[in-house]
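Novice: Okay, sequence plus prediction incoming.
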Amino acid sequence: MSMLTSDVGVKGRFDLVAFSAVVVTIIFWASSFVVIRICLGPLTPIELATARYVTAGVVALGYLAFRWSVPTRGDLLRISIAAILFIATYAVLLNTGEQTVPAGPASFIINTMPVFTALIAMFALGERFGFWGWIGTAVSFGGVALIAAGTGDGFSFDPNAMLILGAALCSAIASVLQKPVLGRLPALTVTAWVLFIGSIPLLPAVPATLRALAAAPADVNWGVAYLVIFPTAVGYVTWAIALKRLSAARASNFLYGVPPTATLIGFLWLGETPSTIGAIGGALAIFGVVVVNMRRRK
């Protein structure tokens, strides 16, 4: 999921449209971690990324054809780097990690992305981090370490958790790169460009993906269709609506609801029960993110 940010917000009153958009986004993005688990096996991580994002890229291209808006050369460079990181690289890393990491723990790791964003802003923008920022970072990464240790049999380290952490880093870099562009272009237009450009590196895998989909069970094909329509197309649109009607900080706070929702869906749908170590790690990971975010807003 991309943390697209905008500084346009509506404050001081309850906004039913924004709230509804946030709820829809949380449910669809949380469910994507579970559906990815269902599709892996019949599809490789690259094939699943291709099936999901090349299809979404075609839809995005259709949107751009009717709402054509060409970014400046500098904005296009930013969008292109962000797209490759967030779509192609992010998806392959996340899919590979979820081969062994359950949906709930994977979503907790992904949601450490704001910590990476804060670290990048410190080095790239000279933002102050401070003592509590470093404490929050240590707590969050300590939680990820516990998740990695608690996803295998017993207390054993799962290196795939580090791939998911790498996906969170890709998302953070993409978020920082996109933020200036979102001040000049509509969020939906930026999202469409990201989906289209980000799908291009996956095009060589299309033939193998089509063969894999033809041989895959029906539930896998339905799963891919669900990922394309709901977490990707609908989820990005509802998130863009939320960002237009709420401040970036307020909208982003709602995303803390994604990991527990993904854990619940994983339990109900796949019977995935988080280990005690993994549950503690997930709580620490999110708590660390909260500490870092609170520190940045002071």
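Specialist: Thanks, I have it.
Novice: Could I get the buried residue list for the helix or strand hosting residue 58?
Specialist: For residue 58, the element it lies in under DSSP states H and E is helix 45-66. Buried residues in helix 45-66, defined by neighbour count with 16 or more other CB atoms under 10 Å: 45-57, 59-60, 63-64. From N, CA and C alone the C-beta is placed, and that goes for glycine too.
Novice: just stretch 186-197 next, same as before
Specialist: Neighbour count says stretch 186-197 has 187-197 buried, by 16+ other CB under 10 Å.
Novice: what's the angle from the helix or strand containing residue 171 to helix 45-66?
Specialist: Remark: residue 171 resides in helix 160-182, with elements defined by DSSP H and E. On the basis of axes from the mean of the first three to the mean of the last three CA atoms, to 10 degrees, helix 160-182 is oriented at 10 degrees to helix 45-66.
Novice: Residues touching the following helix or strand past helix 160-182, excluding its own?
Specialist: Of the helices and strands lying after helix 160-182 in sequence (DSSP H and E), the nearest is helix 187-199. With contacts defined as CB atoms under 8 Å, 6 or more residues apart in numbering, helix 187-199 is touched by 2, 4, 6, 53-54, 56-61, 63-64, 67, 69, 71, 76, 79-80, 82-84, 86-88, 174, 178, 181-182, 232, 236-237, 240, 243-244.
Novice: Buried ones from those, can you make that a ChimeraX selection?
Specialist: Only the buried entries of those go into this ChimeraX selection, using 16+ other CB under 10 Å:
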select :2,4,6,53,54,56,57,59,60,63,64,71,79,80,82,83,84,86,87,88,174,178,181,182,232,236,237,240,243,244
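Novice: about what we covered before: any chance of the buried residues of stretch 186-197 in TSV, plus pLDDT?
Specialist: Formatted as TSV, the entries for the buried residues of stretch 186-197 read as follows, by pLDDT from 0 to 100:
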residue	pLDDT
187	80
188	83
189	88
190	89
191	87
192	91
193	94
194	93
195	93
196	95
197	97
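Novice: Most widely separated two among these?
Specialist: Checking the buried residues of stretch 186-197 against each other with CB to CB, the farthest-apart pair comes out as 187 and 197, at 15.9 Å.
Novice: The stretch 101-250 of the chain: helices as residue ranges?
Specialist: Read by DSSP state H, counting those that start in this stretch, the stretch 101-250 of the chain holds these helices, from start to end of the chain: 103-110, 113-125, 130-150, 160-182, 187-199, 206-215, 218-227, 235-245, 248-253.
Novice: Ok, which of those helices comes nearest residue 286?
Specialist: Comparing the helices of the stretch 101-250 of the chain by their distance to residue 286 (CB to CB), the top pick is helix 103-110, with 6.5 Å.
Novice: what separates that closest one from the chain centre, distance-wise?
Specialist: Centre-to-centre, helix 103-110 and its host chain are 10 Å apart (CA atoms, centre = their mean, to the nearest Å).
Novice: repeat for stretch 225-243
Specialist: Taking CA atoms, centre = their mean, one finds stretch 225-243 lying 11 Å from the centre of the chain it belongs to.
Novice: what comes into contact with that stretch?
Specialist: By CB under 8 Å, 6+ apart, the surrounding residues in contact with stretch 225-243 are 1-2, 4-6, 8, 17-18, 21-22, 24-25, 28-29, 31-32, 35-36, 39, 51-53, 55-56, 59, 187-188, 191, 195, 251, 254.
Novice: run the last query once more with 7 Å
Specialist: With CB atoms under 7 Å, 6 or more residues apart in numbering as the contact definition, stretch 225-243 has outside contacts at 4-6, 17-18, 21-22, 24-25, 28-29, 31-32, 35, 52, 55-56, 59, 187-188, 191, 251.
Novice: Output the below-cut-off pLDDT ranges for the stretch 151-298 of the chain.
Specialist: By pLDDT under 70, the weakly predicted segments of the stretch 151-298 of the chain are 151-156, 247-250, 295-298.
Novice: again, only using 90
Specialist: Screening the stretch 151-298 of the chain residue by residue with the criterion pLDDT under 90, one finds the ranges 151-159, 171-172, 174-191, 232-257, 273-298.
Novice: contacting residues around the host helix or strand of residue 263?
Specialist: In the assignment (DSSP H and E), residue 263 maps to helix 258-270. Contacts to helix 258-270, defined as CB under 7 Å, 6+ apart, come from residues 26-27, 29-31, 33-34, 37, 102-104, 107-108, 111, 272-274, 282, 286.
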